[in-house]
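>>> build the 3D model from these lines:
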Amino acid sequence: MTEAAEAIALESAETAPVPLVEPREGLPPVVADEAALAAVVAAFAAGHGPVAVDAERASGYRYGQRAYLIQLRRAGAGTALIDPIACPDLSELGDALAEAEWVVHAATQDLPCLAEVGMRPNRLFDTELAGRIAGFARVGLGPMTESVLGYTLAKEHSAVDWSTRPLPEPWLRYAALDVEVLVELRDALERELDGQGKLDWALEEFAAIAAAPRPAPRVDPWRRTSGMHKVRRRRQLAAVRELWQSRDRIAQERDVSPGRVLSDAAIVNAALAMPQNIAALQAVQGFGPRVHRRQLEQWLAALDRARAVPEAQLPAATAPHEGPPPPRAWAEKDPVAAARLAGARAAVTELAERHRLPAENLITPELVRRVAWAPPGEPTVPAVAGAFRALGARRWQVELVAAAVAAAFAAATEAAG
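Below is the predicted model of the structure:
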């Protein structure tokens, strides 16, 4: 944490934090029909200044990452709580806020579900990312609000099932308070970043997030099953794939979290054991006597499909990917590249410590790996800077790291003779 950030935290610590328990204008009703939504659109269009935006999902309960409650607050408009299930098209509200700066905490988590209902920011201020760049050790909304503003936010409802209808009043109060002081937090962090000479860095990051396209679907998402490192054989990989795809289909049909249909651990256990019948499947951990026979038959059918996959069509032992191999293999494949990477990592770590921000925010580790594996012909500062820019690094990142990384590359080449 920087000295200035520490000063903020110490100042807040000298006085007892003030609990936020009630929205200052009271708890607004949930917007759940077109007439109420139209009134909110008009009010927020007439408001002024930045707009605080938050969304609540039902991760762990429902399939996907859709929003089940959206909270907004803006000067001149107050706070609004919107039910996006009852009002699934919020594009008019998005249009009304097109010229406003959105204040969001951990924007990359909320922007996809907001885009699904037609809300996309042109400008934003991410208070979580601002905290990282400013050097705060704890950047959750609760810790940030307490250390920067001296308020405490209760977080006991953060992991509840937001698809519940009607939503209990304590949950709604919690949701309204999440946007209550978000703009105030934004203003304090802007001052802190400006004082540290980092405001331009943060603004460049925020602009990149707002302009980023929607991520492409993952290739082979089943490979992200927890515990996959235990699965070595290609036939077993096919079993993981079939079980994962069956679970995903069932979860989508039932609109429940896939983990509530079948755990990742059970998928991996079954793939390793490859049971041949119901009795053998029941003996596998995760498929005990409480699992209905019809469900057992579904999972056994998935395993049978895996057994029937022709050898030539079995999934590859490793996931297809572009770019360099895993760093652990570099020393054997290309020792000079391994030396480049080690030197570049050390240089980035030293720079991050000097500027008091996380190394991964100074420059994305994946970009360092890619440039270290396929460096420019001559490791000059302009050449290394160009390589980073071509991969999407921001201007401020390139200005800070290009010279140090170029020096690390040159040292590795010289040491190799």
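
>>> Ala80: what secondary structure?
strand (DSSP: H, G, I helix; E, B strand; the rest coil).

>>> quick one: the strands in the stretch 101-250 of the chain, in order.
For the stretch 101-250 of the chain, the strands defined by DSSP state E, counting those that start in this stretch occupy 101-104, 123-126, 151-153.

>>> buried sites along the first one?
Translated: strand 101-104. 101-104 (16 or more other CB atoms under 10 Å). The way it works is simple: take the backbone N, C-alpha and C, and place the C-beta from them, glycine included.

>>> put together JSON lines for those, with pLDDT and distance to Cys113 on each row.
Supplementary listing: the buried residues of strand 101-104 in JSON lines, determined by pLDDT from 0 to 100; distance: CB to CB, whole Å:
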{"residue": "Glu101", "pLDDT": "98", "distance to Cys113": "20"}
{"residue": "Trp102", "pLDDT": "98", "distance to Cys113": "14"}
{"residue": "Val103", "pLDDT": "98", "distance to Cys113": "17"}
{"residue": "Val104", "pLDDT": "98", "distance to Cys113": "12"}
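
>>> between the residues you listed, which is closest to Ala329?
The closest of these to Ala329 turns out to be Val104 (CB to CB; 38.5 Å).

>>> tell me the spacing between that closest one and Leu81.
Val104 sits 16 Å away from Leu81, taking CB to CB, to the nearest Å as the criterion.

>>> repeat for Val18
In terms of CB to CB, Val18 sits 23 Å off from Leu81.

>>> what do you get for Val181?
Val181 is 16 Å from Leu81, by CB to CB.

>>> which of these two has more residues huddled nearby?
Under the criterion of other CB atoms under 10 Å, the comparison of Val181 against Leu81 puts Leu81 first, with 24 against 21.

>>> and the pLDDT at that one?
Note for Leu81: predicted pLDDT of 98.

>>> tell me how far the residue nearest to it when sequence neighbours are not counted lies from Glu180.
What sits nearest to Leu81 in space, not counting adjacent residues and going by CB to CB, 6 or more residues apart in numbering, is Val30, at 5.0 Å. The gap separating Val30 from Glu180 is 17 Å, by CB to CB.

>>> got a list of what the residue nearest to Leu153 when sequence neighbours are not counted touches?
Counting by CB to CB, 6+ apart, Gly142 is the residue found nearest to Leu153 once chain neighbours are left out, at 4.8 Å. Gly142 makes contact with 152-153, 155, according to CB atoms under 8 Å, 6 or more residues apart in numbering.

>>> can you select the buried ones from the residues you listed in PyMOL?
With 16+ other CB under 10 Å as the criterion, this PyMOL line picks the buried residues out of the contacts of Gly142:
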select buried, resi 152+153
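
>>> let me have the contacts of Gly142 in CSV, extended by distance to Trp373 and pLDDT.
Formatted as CSV, those follow (distance: CB to CB, whole Å; pLDDT from 0 to 100):
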residue, distance to Trp373, pLDDT
Thr152, 47, 93
Leu153, 44, 90
Lys155, 41, 76
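
>>> who's in contact with the residue nearest to Val117 when sequence neighbours are not counted?
Among residues not flanking Val117 along the chain, Leu90 sits closest, at 4.4 Å (CB to CB, 6+ apart). If you count contacts by CB under 8 Å, 6+ apart, Leu90 has them with 37, 70, 82, 84, 117-119.
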